[in-house]
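Here is a sequence with its predicted model. Questions after.
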Amino acid sequence: MYIFVSWGSKVSLLIIATSFTLISEGYEPARGLPQDERHDYLNETLLFHGLLGASPLEPKLAIPIPTLELYRRCRLRCPQFSVQQWMKVLCDLANINYTSTLREQFSDAFDAYLDILHHVDKTLKMALGRDGPTWRILHSCPPCQYKLEGEAPLNPSIMGALDGNNSLKRFVRADRQSDMLTFNSDYFLSRETVDQFAHEVKRKVKTSDKESVIEIEGDPTDGHSSVATCSDRWRAAMADTLKGMYNAFEETGVFVSVCRHGFIWTIVDMIRSGELAKYPLATIDRLLSVLPPGLGLGYDIACSFSTTLRQSSLGKRQQMTGLRMVVPAFHGHAHNRFCQLGFHILMSQGFGLEDLETCERVFSASNSVARLTRHATQFHRRQFIEMFFRQWDAEKYEHLGQFLLNNYKQALEILRDMPVRIQSLLPGRHISDAQFSTWLQEEHKYLNSKKSEPEKDILATQYVGLLSKHEEAHSLWASSQKLAVQATWATDQARLRQVTHDAWEGVVFLQKELQQVEENLDVGTRWTPEQPEYQRAADYIRTCKFQVAVDKLEGLVVQWLFELTKANVSQTGYKMRMHISKALQSRSKAIQRALKAYNDAALTLDPPRPKLTWSQIVEYTTLAEFELLRSGACDDICNLDWAEARHREAGICQLKILRAQEELQRLNIEVKCLATWIVNDEASLDAAITKCQGSDPLLAKAMMGFTAEQKRVNRRVQATLHNIYDLDGYSGEAGIGQREAGHRDGVNEDLGSEQDEEMDDMINDVFEGVMNSTLAE
């Protein structure tokens, strides 16, 4: 029995398989492929000859395995390259008209091919002893997780980041709800796992029709009893982003966790919601269960979420494992100074020069997949996302040596330049590390004392405001009464009598309010503008107005900084850039108006505060400067050492020196871990190949291909490691170490475990088909 096929005369990219109709124009005459009697299905014979049918039982279209592999490789390098675009290329090469049916058939064949590769990969992992549910997380990053004997302890032991992104959304479509396919991946946490934390945090929201309060799932900041300004900004940004999203999309984005080198740990689908607390809680639960103690994580709202985490069911585990939460470097722009002193990564000991903005880099790249996920099925959305992140991890490993080299150069540069900078700021003075630390502690203590306004000052402000309103109301009543007496027309008299009556009611109401406040303040005699108490309260009111002007100016500058950054982010489209450009223009005008309001308010203070100029504002890169403006209005702190501008800048330089020293210590360990991993991993792969060659030659052949690719990448990484060894200032060891006892080498001793026979036969057919030269003849 023969199967007749036709293929293009120039390129063997598209194969039409049929036993009835032959395509003649532009194609060679049909050839017969002998069907093996052992094959029960047509696809088995096609696979044996290096083809894959587009349907399970009676395929009318078959795709060569090399064509499917070529498209897979193209998709890995260009995630937005869709099946439709690829099919049009094939049709052009074969000189046939493109139809949507061909696209659907190729998509089905590609799904089947990926499933076969998944089983091949699963078989390889089982043979190598790398098939555990947590093996990928535990071994994804050699510098982080490959521990050596005699290695100095680090705190944090491993650094990573977590954050959510709403680009990888998927529309709700009624015609795709019946899709029963499920895509299993060790990258994703299941919905059931995530929903275990759905009721850990509650958020109370007033309904529009009643004043009652309902409880819904809370966001990561809802565990904080008094929400800080930085949490308010985060919520406002999320609200603007997610308006109208929940009803239109089934999955509204992803929440990911990554190590500091960029390797993906976990992915969570956000379902019809924004960034709820259950997503980071479920992620941290998995990380605490798998990774060693001493984990350090960066999260853009780590300040508020730390309270949420302590109050959750993970609170005790966080304390036992020593988990530390910090705010990444750039997100520190949106946090107040008090928060920065406690959570900013530059202020956090042990984190080195890492900024932990890794998630933002991941999202900048993954945005390219978004155009394919919007209208995909749930199965294909996850398939697209997993393909992207597997390739992302592969590329991160390929450039791992360069990452370490760049960080080492940066640390050495800081240690060379920062002492010179400190000397230029503080000429002729030597300030110890302890003194810089003392300044930070004094600033933290001062800001902590100013977290809330004294109740007496609030009541005094309210009292002076009521006195002013009472005086105005009494003056209005007296004026209207005088006009009513002088009026001659009856209509005017009636209207003025009504005005006088209303004015008197206002005077009576304010009189009652004044009496209540006087009782609370224990005022014996009503204050007058000449009294010191009145004047102090009036000064306090002017100070509050000044602080409001500072808040307004601060908020606009923060938005301006974020928009400037977004305008330069990779994958930001032309329309978005134009929109941001217009926003920056209007924002600049708003900042100028807010700056004028600030300077006007600054002149009302006693003594007047210095004026700010536009050139000063555009140089502000953190909120610490605004915090000084705000605090300095209440107390004279300008003469304090920690508030002096040169001391503050010198303190930042000193912090960078300390972080650079920590970075070098960590890099020396990571370089040696990576070098040792490469040698040991290649040895384990070679041993596994040797063991399989006699029992399973096809599996050994697959292992050889995997090992050859791995060694090619390893040579590149090792070359970069040698560049690190050659650096002037390298202080680590140029060699390999001994892996810490108690770890498996990664080779499964039981290579003879039973496999699913049907899938095993299919895999063997694929291997034979790829190596078979039938189609080339």
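Perfect, I can see it now.

all contacts plus neighbour counts: C-alpha atoms, from now on.
Fine.

What about Asn166? Give its phi and psi, please.
phi -110, psi 20 (degrees, to the nearest 10).

swap in the one 5 residues further on?
Taking degrees, to the nearest 10, you get phi -70, psi 150 for the backbone angles of Phe171.

nearest spatial neighbour of it, skipping sequence neighbours?
Phe249 (4.2 Å; Cα to Cα, 6 or more residues apart in numbering).

wait, what's in contact with that neighbour?
By Cα atoms under 8 Å, 6 or more residues apart in numbering, Phe249 lies in contact with 169-172, 272.

I'd like these laid out as JSON lines, including secondary structure and distance to Ser157.
Shown next, in JSON lines, are these (DSSP: H, G, I helix; E, B strand; the rest coil; distance: Cα to Cα, whole Å):
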{"residue": "Lys169", "secondary structure": "coil", "distance to Ser157": "34"}
{"residue": "Arg170", "secondary structure": "strand", "distance to Ser157": "37"}
{"residue": "Phe171", "secondary structure": "strand", "distance to Ser157": "40"}
{"residue": "Val172", "secondary structure": "coil", "distance to Ser157": "42"}
{"residue": "Arg272", "secondary structure": "coil", "distance to Ser157": "35"}
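
among the residues you listed, who's most crowded?
Within these, most neighbours by other Cα atoms under 10 Å means Lys169, with 27 neighbours.

Please, where are all the strands along the chain?
Along the chain, counting by DSSP state E, strands occupy 2-7, 15-17, 31-34, 51-53, 61-64, 158-165, 170-171, 202-206, 213-217, 249-259, 264-271, 295-298, 324-326.

Show me the shaky parts of the stretch 251-400 of the chain.
Applying pLDDT under 70 to the stretch 251-400 of the chain picks out residues 333.

ugh, wrong one, I meant the stretch 551-700 of the chain
Residues of the stretch 551-700 of the chain that meet the cut-off, pLDDT under 70, sit at 551-588, 614-639, 642-643.

at 90 instead, please
For the stretch 551-700 of the chain, the stretches with pLDDT under 90 are 551-652, 691-698.

Thr461 contacts Asp539, doesn't it?
No: applying Cα atoms under 8 Å, one finds Thr461 not in contact with Asp539, separated by 9.3 Å.

Looking at those two, which is more packed in?
Thr461 (21 against 17).

Just give the nearest non-adjacent residue to that one, would you?
Using Cα to Cα, 6+ apart, the closest residue to Thr461 is Ala537 (5.5 Å).

now the one you found: how far from Thr543?
10 Å (Cα to Cα, to the nearest Å).

which strands and helices sit next to the helix ranked longest in the chain?
If each helix of the chain is counted by residues according to DSSP state H, the longest one is helix 645-695. On a contact count with 3 or more Cα pairs under 8 Å, 6 or more residues apart in numbering; DSSP states H and E, helix 645-695 meets helix 100-128, helix 142-145, helix 400-425, helix 433-449, helix 697-725.

how far does it sit from the chain's center?
Centroid separation for helix 645-695 versus its chain: 23 Å, with Cα atoms, centre = their mean, to the nearest Å.

If I take it and helix 433-449, what angle do their directions form?
Angle of helix 645-695 versus helix 433-449, following axes from the mean of the first three to the mean of the last three Cα atoms, to 10 degrees, is 100 degrees.

my read: the residue nearest to Thr461 touches Gly465, true?
No: between Ala537 and Gly465 there is no contact under Cα under 8 Å: 9.2 Å.

These two: which is more packed in?
With neighbours defined as other Cα under 10 Å, Ala537 and Gly465 compare such that Ala537 has more, 21 against 15.

and the more buried one, how far is that from Leu459?
Taking Cα to Cα, one finds Ala537 at 9 Å from Leu459.

By mean pLDDT, show me the worst of the helices and strands packed on helix 645-695.
Across these, helix 433-449 has the smallest mean pLDDT, namely a mean of 74.

now for it, which elements pack on it?
Using 3+ Cα pairs under 8 Å, 6+ apart, the elements in contact with helix 433-449 are helix 337-343, helix 645-695.

Could you count how many residues lie near Glu530?
Glu530: 8 neighbours (other Cα under 10 Å).

Who are the contact partners of the residue lying closest to Val485 once chain neighbours are set aside?
Spatial nearest neighbour of Val485, chain neighbours left out: Gln493 (7.6 Å); criterion: Cα to Cα, 6+ apart. Each residue near Gln493 by Cα under 8 Å, 6+ apart is listed here: 484-485, 487.

and Gln493, what pLDDT?
Per-residue pLDDT puts Gln493 at 72.

State the distance from it to Ser479.
Per Cα to Cα, Gln493 is found 13 Å from Ser479.

repeat for Ser273
On the measure of Cα to Cα, Ser273 and Ser479 end up 58 Å apart.

Which one of these two is surrounded by more residues?
Using other Cα under 10 Å as the criterion, Ser273 and Ser479 rank with Ser273 on top: 19 against 14.

Would you confirm that the more buried one contacts Thr252?
Yes: using Cα under 8 Å, Ser273 is in contact with Thr252, at 6.5 Å.

Determine the number of other residues adjacent to Leu514.
Leu514, neighbours per other Cα under 10 Å, totals 20.

OK, contacts around it?
Contacts of Leu514 by Cα under 8 Å, 6+ apart are 463, 466-467.

Repeat that for Tyr534.
Under the criterion of Cα under 8 Å, 6+ apart, the neighbours of Tyr534 are 464, 527-528.

Go through the residues you listed and flag which are in helices.
Judged by DSSP H, helices contain the following of the contacts of Tyr534: Val464.

coming back round to it: among the contacts of Leu514, which one lies nearest to Gln693?
Tyr463 (90.3 Å; Cα to Cα).

The closest one contacts Val517, correct?
Yes: using Cα under 8 Å, Tyr463 is in contact with Val517, at 6.3 Å.
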